[in-house]
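Asks: what's the 3D shape of this:
(2 chains)
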Amino acid sequence: MIQVIDYKAGNLTSVLKALNYLGAKTHVTQSPDDVRGASKIVLPGVGHFRATQLLHDLQLTEATREAIARGVPFLGICVGLQWLYEGSTEAEATEGLCHFGSKCERFPATYAGAELKSPHVGWNSLEDIREGSRLLKNVAPGSFVYYTHSWRAPLSADTAASTFYGGKFTAAVERGNVMGVQFHPEKSGETGLQILRNFLEL
Amino acid sequence: MLTKRIIACLDVRGGRVVKGIQFVDIIDAGDPAELAHRHAALGADEIVLLDITATHEGRGTLLDTVKRTAGELFIPFTVGGGIRSAEDAAAVFDAGADKVSINSSAIARPELIGEIGSSFGAQAVIVAIDARRATSGDAIKDAEVYVSGGRKPTGLKVVEWAVEAEQRGAGEILLTSMDSDGTRAGFDCELTAAVSSAVQIPVIASGGAGNAQHFVDVFKAGKADAALAASIFHFGVTSSHGLKEELAAAGISMRLTS
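Replies: Here you go, the predicted structure:
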């Protein structure tokens, strides 16, 4: 069973709809036991990073670590990707999963001498798609995906694709069975469905 | 590169699309779900469904329409019309909307913006502003917010209200120029630029589109992040994709689908 974690950050409807459309059997949960026994884990999320505090409070952080350690594929979406890092300057008191190093930071107010609007909202392109990425299999460089966010993760060796807005940031991260996307695959048309399909086929 | 967005708008009454689209050769039905999917397939970047009657009796119809339209739609989907409380918004989100557009209800009770945002995120709240240029004073700085389909002045200044909406947690502004709406003579670029320069959040321009050049103008001079297209299909442009190809050729960054 694919466990979709509900931590009261925004609205799960669209993510569930897309997964179910692709034939996945999903279960919405807040239970550590469900997460431990999951075949796959999806952590959606849109909104404030402090909402992820509930994951610690519900003992879901440790359950997620255990599941990841035994190889269960994990996909974080938007704030769900950010949670994989050490934290975010959006909520300094709330620690992330610390699976990936470094912190998420806000877009700068200016870039290259020009004002940079924030949030970054709309369709932007995937660049530098890493060869061999399982999550981004059959996704062409330059494919467009839908974003809405003000914080983002920096580039690292685990970056599977980047997007350019006020400099390059991590559009997708992937190391082994642990994956995240900053954009919303459930709202990114055929490209987004392909990415979710890739995850479901793992 | 971040693209400018073309948003297809469906005006719905009693569960049927009632204007804007019915003259399109390739789209002859008035069913919102079907039209939304056709628009998505033709390259629209987002879909907005506005319930223009928004009567209390129509609420069940609206939710059913939203549910059917959201069904297999995998691009952002906004619903507006008659959303007066956080509970109304929650019902629309539950039915499958990604964002709600609020207008007169936000003016009547500005706290509503933050109430919806705190549960569903700022990105889910679009504040729609119907604007008219001032006839005395500074036409742009003193431009006024109207409600009731542009019939009732509120005394609020457009730019000031946009800034307040942002401060209260709006994720985007949908700015409709009542002066330009229906004229097909182009967007109000000056007013759009004034609002866009005053806020950090994206501004969606609406009202006055007649041809592709109007979109070029509103993206360049008007500094709009997105433009709403309800009736561009009257003007020889057969689809969002066709329009977007023209805009891309004019140097506007566009998401071109195959």
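Asks: now for the longest strand anywhere in chain A, which elements pack on it?
Replies: Counting by DSSP state E, the longest strand found in chain A is strand A:168-175. Under the contact criterion of 3 or more C-beta pairs under 8 Å, 6 or more residues apart in numbering or on different chains; DSSP states H and E, strand A:168-175 touches helix A:79-82, strand A:159-164, strand A:178-181. All C-beta spots, glycine's among them, are computed from the backbone N, C-alpha and C.
Asks: Export the ones you listed to JSON lines and append columns for mean pLDDT and distance to A:Val15.
Replies: As requested, those are exported to JSON lines (pLDDT from 0 to 100; distance: least, C-beta to C-beta, whole Å):
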{"stretch": "helix A:79-82", "mean pLDDT": "96", "distance to A:Val15": "9"}
{"stretch": "strand A:159-164", "mean pLDDT": "98", "distance to A:Val15": "19"}
{"stretch": "strand A:178-181", "mean pLDDT": "98", "distance to A:Val15": "11"}
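Asks: export the longest strand of chain A as PDB, just CAs?
Replies: Only the C-alpha atoms of strand A:168-175 are listed here, as PDB (Å, rounded to 0.1, in the frame of the first residue of the first chain):
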ATOM      1  CA  LYS A 168      19.700  27.500 -10.100                       C
ATOM      2  CA  PHE A 169      18.100  25.500  -7.400                       C
ATOM      3  CA  THR A 170      17.200  21.800  -6.800                       C
ATOM      4  CA  ALA A 171      14.100  20.900  -8.800                       C
ATOM      5  CA  ALA A 172      14.400  17.200  -8.000                       C
ATOM      6  CA  VAL A 173      16.600  15.300  -5.600                       C
ATOM      7  CA  GLU A 174      17.300  11.600  -5.700                       C
ATOM      8  CA  ARG A 175      19.700   9.300  -3.800                       C
END
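Asks: what sits against residue 1?
Replies: I went with chain A, as the question did not name one. Applying C-beta atoms under 8 Å, 6 or more residues apart in numbering or on different chains, we find A:Met1 in contact with A:Lys25, A:Thr26, A:His27, A:Asp34, A:Gly37, A:Ala38, A:Ser39.
Asks: not what I meant, chain B
Replies: Counted by C-beta under 8 Å, 6+ apart, B:Met1 has contacts A:Asn124, A:Ser125, A:Phe164, B:Ser253.
Asks: Using CSV, write out every CA atom in the strand or helix carrying the first one.
Replies: Put plainly, it is A:Asn124. Here A:Asn124 sits within strand A:120-125, counting by DSSP states H and E. Presented in CSV, the C-alpha positions along strand A:120-125 are these (Å, rounded to 0.1, in the frame of the first residue of the first chain):
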residue,chain,number,x,y,z
HIS,A,120,8.1,31.7,-7.8
VAL,A,121,4.7,30.8,-9.4
GLY,A,122,4.1,29.2,-12.7
TRP,A,123,5.6,26.8,-15.3
ASN,A,124,9.4,26.6,-15.4
SER,A,125,11.7,24.1,-17.1
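Asks: looking at chain A, which helix or strand is least sure?
Replies: When each helix and strand of chain A is scored by mean pLDDT, DSSP states H and E, strand A:114-115 comes last, with a mean of 90.
Asks: how far out from the middle of the chain is that strand?
Replies: 28 Å (C-alpha atoms, centre = their mean, to the nearest Å).
Asks: element containing the residue in the stretch 151-258 of chain B positioned nearest to chain A?
Replies: Proximity of the stretch 151-258 of chain B to chain A (C-beta to the nearest C-beta) peaks at B:Arg255, 4.3 Å away. B:Arg255 is part of no helix or strand, with elements assigned from DSSP H and E.
Asks: With B:Leu35 instead?
Replies: helix B:32-41.
Asks: right, and the helix or strand after that helix?
Replies: Using DSSP H and E, the helix or strand that directly follows helix B:32-41 along the chain is strand B:46-51.
Asks: In that following strand, which residues are buried?
Replies: Going by neighbour count (16 or more other C-beta atoms under 10 Å in any protein chain shown), the buried part of strand B:46-51 is B:Glu46, B:Ile47, B:Val48, B:Leu49, B:Leu50, B:Asp51.
Asks: Could you do stretch B:153-173 as well?
Replies: Buried-residue list, stretch B:153-173, by 16+ other C-beta under 10 Å: B:154, B:156-159, B:161-166, B:168-173.
Asks: same question, stretch A:53-73
Replies: So stretch A:53-73, judged by 16+ other C-beta under 10 Å, has buried residues A:Leu54, A:Leu55, A:Leu58, A:Leu60, A:Thr61, A:Ala63, A:Thr64, A:Ala67, A:Ile68, A:Val72, A:Pro73.
Asks: ditto for stretch A:121-130
Replies: For stretch A:121-130, using 16+ other C-beta under 10 Å, the buried residues are A:Val121, A:Gly122, A:Trp123, A:Asn124, A:Ser125, A:Leu126, A:Ile129, A:Arg130.
Asks: still on that earlier bit, tilt between the helix holding B:Leu35 and strand B:46-51?
Replies: 160 degrees (axes from the mean of the first three to the mean of the last three C-alpha atoms, to 10 degrees).
Asks: For helix B:32-41, list the C-alpha coordinates in CSV.
Replies: Provided in CSV are the C-alpha atoms of helix B:32-41 (Å, rounded to 0.1, in the frame of the first residue of the first chain):
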residue,chain,number,x,y,z
PRO,B,32,-17.3,22.9,-18.2
ALA,B,33,-15.6,19.6,-17.6
GLU,B,34,-15.3,18.9,-21.3
LEU,B,35,-14.2,22.4,-22.2
ALA,B,36,-11.6,22.5,-19.4
HIS,B,37,-10.0,19.3,-20.7
ARG,B,38,-10.0,20.6,-24.3
HIS,B,39,-8.3,23.8,-23.1
ALA,B,40,-5.7,21.8,-21.2
ALA,B,41,-5.1,19.7,-24.2
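Asks: contacting residues around that helix?
Replies: A:189, B:8, B:10, B:12, B:15-17, B:21, B:26-27, B:29, B:47, B:49, B:65, B:68-69, B:71-75, B:77, B:240.
Asks: And stretch B:105-114, by the same measure?
Replies: Stretch B:105-114 has contacts (C-beta under 8 Å, 6+ apart) with B:83-86, B:102, B:125, B:127, B:145, B:147, B:154, B:156, B:161, B:164-165, B:168-170.
Asks: circling back: could you report the neighbour count for the residue of the stretch 151-258 of chain B closest to chain A?
Replies: Neighbour count for B:Arg255, taken as other C-beta atoms under 10 Å in any protein chain shown: 26.
Asks: likewise B:Glu111?
Replies: 11.
Asks: how far away is it from B:Gly210?
Replies: Relative to B:Gly210, B:Glu111 is positioned 38 Å away (C-beta to C-beta, to the nearest Å).
Asks: Same question for A:Asn177.
Replies: In terms of C-beta to C-beta, A:Asn177 sits 53 Å off from B:Gly210.
Asks: Over to B:Thr53?
Replies: Where B:Gly210 is concerned, B:Thr53 sits at a distance of 27 Å (C-beta to C-beta).
Asks: Top of the contacts of A:Met1 by number of neighbours, please.
Replies: A:Ala38 (22 neighbours).
Asks: which residues touch the spatially closest residue to it that is not a sequence neighbour?
Replies: Among residues not flanking A:Ala38 along the chain, A:Gln3 sits closest, at 3.9 Å (C-beta to C-beta, 6 or more residues apart in numbering or on different chains). A:Gln3 is in contact with A:Thr26, A:His27, A:Thr29, A:Asp34, A:Val35, A:Gly37, A:Ala38, A:Lys40, A:Ile41, A:Val42, counting by C-beta under 8 Å, 6+ apart.
Asks: I appreciate the help and will end here.
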